[in-house]
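*Asks:* Pasted the sequence and its predicted model underneath.
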Amino acid sequence: MQNYFQRQIELWGEEKQQLLSTKRVVIIGCGGLGSSLVMALSGVGLKELHLVDFDEVSLHNIHRQISFTLEDEGQNKAKVNSTLVQQRISFTQSFSYECDFLEWSKKDIEVDLIMDATDNLQTRSEIDNYAKEKQLPWVYGSVEAFVGQVAFIEKSSFNDAFKITAKTPQGIAAPMVMHIASLQANLALRYLIGLSLKKDTLYYLFFNAEGELVTQKFALPK
């Protein structure tokens, strides 16, 4: 185990690595953000990784959903990602659920953190309600075109912060998906091993007309 996690242990020590081995995380949605989150979190040494998605892999998904290959077309996204976790690491138990978030929430599975990798506001509202009921934090992420948003939500109200109910989506740049998922994963890791992080703050990232990456941050309502 020590050899597998050598570079992480050099960063944060054996005590925090042992702490990670007790943590359970659920990823809601196993497509673009979700598959990138699986790649980022499956090798860090968690105790359990729970993967939730009712959807199947489609050809147009694969360019931005980095855990899938052409051979995975037609298979359930959560199951494909769960298999990938098992192939990467023997220290982490992986569980897949072929259902939507509301159905998963009724299973009352104990986790330490919820990762949002969905693509609609309604499900995120449901995640926020469930998180408040269970007194759990969750990490929000969204991507559209060359724009991304990330937030570690503990006390703030997602429903008060996001009022848009319907919007025609633009295309998505695959590297932006991986960038936002990476930021989500870093927030998750800092929380799980007890490092400081800024909570209830929205990070808004975009490339402006000159091609400069701009990062803004906003306090979320509580």
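*Replies:* Thanks, I have it. Numbering: from 1, shown residues only.

*Asks:* Show me the contact partners of the lengthiest helix in the chain.
*Replies:* Taking DSSP state H as the criterion, the chain has its longest helix at helix 174-192. Helix 174-192 has contacts (C-beta atoms under 8 Å, 6 or more residues apart in numbering) with 19-20, 23, 25, 32-33, 36-37, 40-41, 44, 46, 63-64, 66, 112-113, 115-117, 137, 139, 141-143, 145-150, 152, 195-197, 203, 205. Where C-beta positions appear, they are placed from N, C-alpha and C, glycine not excepted.

*Asks:* which ones are touching residue 98?
*Replies:* Residues in contact with residue 98, defined by C-beta under 8 Å, 6+ apart, are 53-54, 76, 78-79.

*Asks:* now, which of the residues you listed sits nearest residue 215?
*Replies:* Of all those, residue 53 has the smallest distance to residue 215: 29.1 Å, by C-beta to C-beta.

*Asks:* show me the contacts for that closest one.
*Replies:* Contacts of residue 53 by C-beta under 8 Å, 6+ apart are 28-31, 34, 76-78, 81, 97-98.

*Asks:* how about those in CSV, adding secondary structure, distance to residue 217 and pLDDT?
*Replies:* Listed next are the contacts of residue 53 as CSV, based on DSSP: H, G, I helix; E, B strand; the rest coil; distance: C-beta to C-beta, whole Å; pLDDT from 0 to 100:
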residue, secondary structure, distance to residue 217, pLDDT
28, strand, 24, 98
29, coil, 24, 98
30, coil, 28, 97
31, coil, 26, 95
34, helix, 24, 97
76, strand, 36, 98
77, helix, 31, 98
78, helix, 32, 98
81, helix, 30, 97
97, strand, 33, 98
98, coil, 36, 98
